[in-house]
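J.: pasted the sequence and its predicted model underneath.
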Amino acid sequence: VVDCKRLNRVLAIDEDRAFALVEPGVSYFDLYREIEERGLALWIDCPDPGWGSVIGNALDRGCGYTAARFRNHWEAHCGLEVVTPTGEIVRTGMGAMPGAASWQDYRNGYGPVVDGLFSQGNFGIVTKMGIWLMPRPQGFRTAIIEVPRYDDIHELVRLYTLAENSRLFDGMPYFASPLLNVSNMPEAIGMEAPDRALRVPSPEQLELIAGAEVGYSPALERYGLVRGLPYWTLRLGFYGPHAVTGAQWEAVKALFANIEGVRFHDGKLVDIPVAEDMRERIHLPELGIPSLEIFQLVSRRSFNPAGSRGHIGFSPVIPRTGQAILDFNRVLGPILARMRSGWSGGFILPHLYWDRAFVCVIGLLLGEEPDENREIVALYETLVVAACEQGWGEYRTPNLFQDLVARTYDAGNGALLRFQERLKDAVDPAGIMAPGRYGIMPRRFRDDVTAGGEG
Amino acid sequence: MISASALSVTRRTACAGIAAASTLAPFAASAREAAGASMKPRLILCDTTLGGSAALAERWQRDAGCEIAFFAADVTPLWQRRFHRAWNTQTPALGGITSKETLFCLERLAWDAGQRVLVRTSLADRSGATLWRWLIAPRPARMEGPA
């Protein structure tokens, strides 16, 4: 095991060009603190656990919560320094040029781009990485769109995709369904004050939800229409001067105005720097502030009163359409319902981290009972296979399932994995570095089948 | 809210408590617990969202003669403001009456500063909610090496 924790220097921060160059032991807390102490007008983008490695999370293609071009951490990297299994030090992108003047400004350099080999890979140890930082915005705004009918999901997703691709908003969006009593919003787990009053479902509503199929029944829809309870809700985030984000919000409203019964609500309006009292009301990572609050909030909840020993995340990528959301629930909902402990998550809404695709994150809780944990592992494997049959693949997976998931990316009779294995053999001939990570085995651990008969 | 008197002692509590109280700790308990038994914290963290925590913290404070720092659920701001730097530059022992989740976070942050949890004691109420009483301090000399 190579522990990089003490490689913990922030090597450079450039305020005007908005980047940092860090070593792998630099955590989000470290980088945040460095920026604060220097008084720079820059934000980091961090996931919920603020103690993670900036490099580690980017290499595993993790995500955060600020503007789209920063919350995709791999997409925000710019330039790597890597120690290869044979002991060479390789710099990617412009860094390959001695005395490079723009290593953290332009990612691609010259010729084939090899950065991806070191992301979810086992081709080297990354010892330096550039990361693009977000210029500190002048303000932050949230806003809510509500639509009343089940079938509105299609137009809601289509227009939201158009709005995001047109850059009418750039903050992290969140889905919820007040009628189905499900939400991916931070307020749902107490991470921020709600923009709208949270409604406690009535026994009648809960009964109608239980009787719905793929989240729908005429009676449930009628229940919502009569009471003004929206089927779907979308919360948007905007970064920038209030006058600009206000105009953006008006443009978004105009885009959605033709959906019958659509309602718009202003949310929070946050001045930057963030006032102390506002910190209590907002999901801190959306303001570039690292925290460990998540460990208090998700470990012992109403659906999990005894706490847990952790969870494994099943997180396939699906197309960005309303139909894909419904199909996902139609196909995988019945599998989740077979869990011995029951599936308490309800209708599954995608998370909207990426600005081009949906990812459905399903956290399966582990506990103290080996039999129950074995059942969760078997369930996970069933989900992977069932999702693959629909063309939905995981973006990232726990170690236990990396071989299985790698085998689902097997177009051309496993051509991609064979190619990766050939590269592995060339770059790591002794097979010493993280054998098997993300399914890529060195020759000495491989049989001839995955090696494509090359032996 | 539960009162301190409503707290019951779990099996693990009893073991750790006996170890912490004994001067023959090397025989009865781990080296870590023995090292922690004689140590008094310089600061006690108390999560005010946990019933009974304040009473326990104040009782401990009277014995240790130190300060209490109160926080509500999320220890991050307190860690950043009060003792992150101190952990890296000095060696004060830190005590706490917190949730298991807070201890989980602090234990891992402590590792990075060469500190270890020397004593941990769980106190459960009848509903199953648990308070943890713990002490984090520099790793004792006899524990040097892989830990």
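T.: That came through, no problem. Residues are numbered from 1 along each chain as shown, chains lettered A, B, ... in the order given.
J.: what about the nearest residue to A:Gln420 once chain neighbours are set aside, how many residues nearby?
T.: Spatial nearest neighbour of A:Gln420, chain neighbours left out: A:Ile440 (5.0 Å); criterion: Cβ to Cβ, 6 or more residues apart in numbering or on different chains. All C-beta spots, glycine's among them, are computed from the backbone N, C-alpha and C. Using other Cβ atoms under 10 Å in any protein chain shown, A:Ile440 is surrounded by 24 other residues.
J.: pretty sure A:Ile440 is touching A:Arg422, no?
T.: No. Counting by Cβ atoms under 8 Å, A:Ile440 does not reach A:Arg422; the two are 10.4 Å apart.
J.: residue in the stretch 51-200 of chain A nearest to chain B?
T.: Minimum separation of the stretch 51-200 of chain A from chain B (Cβ to the nearest Cβ) falls at A:Trp51, amounting to 6.7 Å.
J.: doesn't that residue lie inside a helix?
T.: No. In this structure, A:Trp51 is coil, not part of a helix, as judged by DSSP: H, G, I helix; E, B strand; the rest coil.
J.: give me phi/psi at the residue nearest to A:Gln420?
T.: Here is the backbone geometry of A:Ile440 (degrees, to the nearest 10): phi -100, psi 110.
J.: pull the contacting residues for it.
T.: A:Ile440 sits next to A:Gly121, A:Asn122, A:Ala406, A:Leu417, A:Gln420, A:Glu421, A:Lys424 when contact means Cβ atoms under 8 Å, 6 or more residues apart in numbering or on different chains.
J.: kindly recompute the last result at 10 Å.
T.: By Cβ atoms under 10 Å, 6 or more residues apart in numbering or on different chains, the residues touching A:Ile440 are A:117, A:120-123, A:402-403, A:406, A:417, A:420-421, A:423-424, A:428, A:434, A:446, A:450.
J.: distance of A:Arg222 relative to chain B?
T.: As judged by Cβ to the nearest Cβ, to the nearest Å, A:Arg222 and chain B stand 40 Å apart.
J.: let me fix that, I meant to ask about A:Arg263.
T.: Distance, A:Arg263 to chain B, by Cβ to the nearest Cβ: 33 Å.
J.: tell me what that residue is bridged to.
T.: On the basis of DSSP bridges, A:Arg263 is bridged to A:Glu146.
J.: what about it, neighbour count?
T.: Using other Cβ under 10 Å, A:Arg263 has 14 neighbouring residues.
J.: now it: how far from A:Pro230?
T.: When distance is defined by Cβ to Cβ, to the nearest Å, A:Arg263 is 7 Å away from A:Pro230.
J.: and A:Met185, by the same measure?
T.: According to Cβ to Cβ, A:Met185 and A:Pro230 sit 13 Å apart.
J.: how many neighbours does A:Asn122 have?
T.: A count of nearby residues for A:Asn122, using other Cβ under 10 Å, gives 24.
J.: mind listing what it touches?
T.: Contacts for A:Asn122 (Cβ under 10 Å, 6+ apart) come out as A:85, A:420, A:424, A:427-428, A:431-442.
J.: which secondary structure element contains A:Asp327?
T.: Using DSSP states H and E, the element containing A:Asp327 is helix A:322-337.
J.: so which elements touch the next helix or strand along the chain from that helix?
T.: As assigned by DSSP H and E, the chain's next helix or strand after helix A:322-337 is strand A:358-359. Applying 3 or more Cβ pairs under 10 Å, 6 or more residues apart in numbering or on different chains; DSSP states H and E, one finds that strand A:358-359 contacts strand A:316-318, helix A:322-337.
J.: quick one: low-confidence ranges for the chain?
T.: Picking chain A for this. Applying pLDDT under 70 to chain A flags residues A:298-308, A:448-455.
J.: that answer is for a different chain, and I need it for chain B
T.: The model of chain B has pLDDT under 70 over residues B:1-38, B:90-91, B:125-129, B:140-147.
J.: could you pull out the helices for it?
T.: For chain B, the helices defined by DSSP state H occupy B:11-21, B:25-28, B:31-37, B:53-64, B:76-78, B:84-89, B:100-112.
J.: related to what we said a few turns ago, deepest in the core, which of the helices and strands packed on strand A:358-359 is it.
T.: Most buried of those, by mean neighbour count (mean count of other Cβ atoms under 10 Å in any protein chain shown): strand A:316-318, with a mean of 22.
J.: residues in contact with it: which ones?
T.: Residues from elsewhere that reach strand A:316-318, judged by Cβ under 10 Å, 6+ apart: A:324-325, A:327-328, A:332, A:350, A:354, A:356-362, A:383-384, A:386-388, A:390-397, A:405, A:408.
J.: which bits of chain B sit near chain A?
T.: Residues of chain B that fall close to chain A, judged by Cβ under 10 Å from any Cβ of the partner chain: B:47, B:49, B:72-77, B:79-80, B:84-85, B:98-102, B:104-106, B:108-109, B:111-112, B:127-130.
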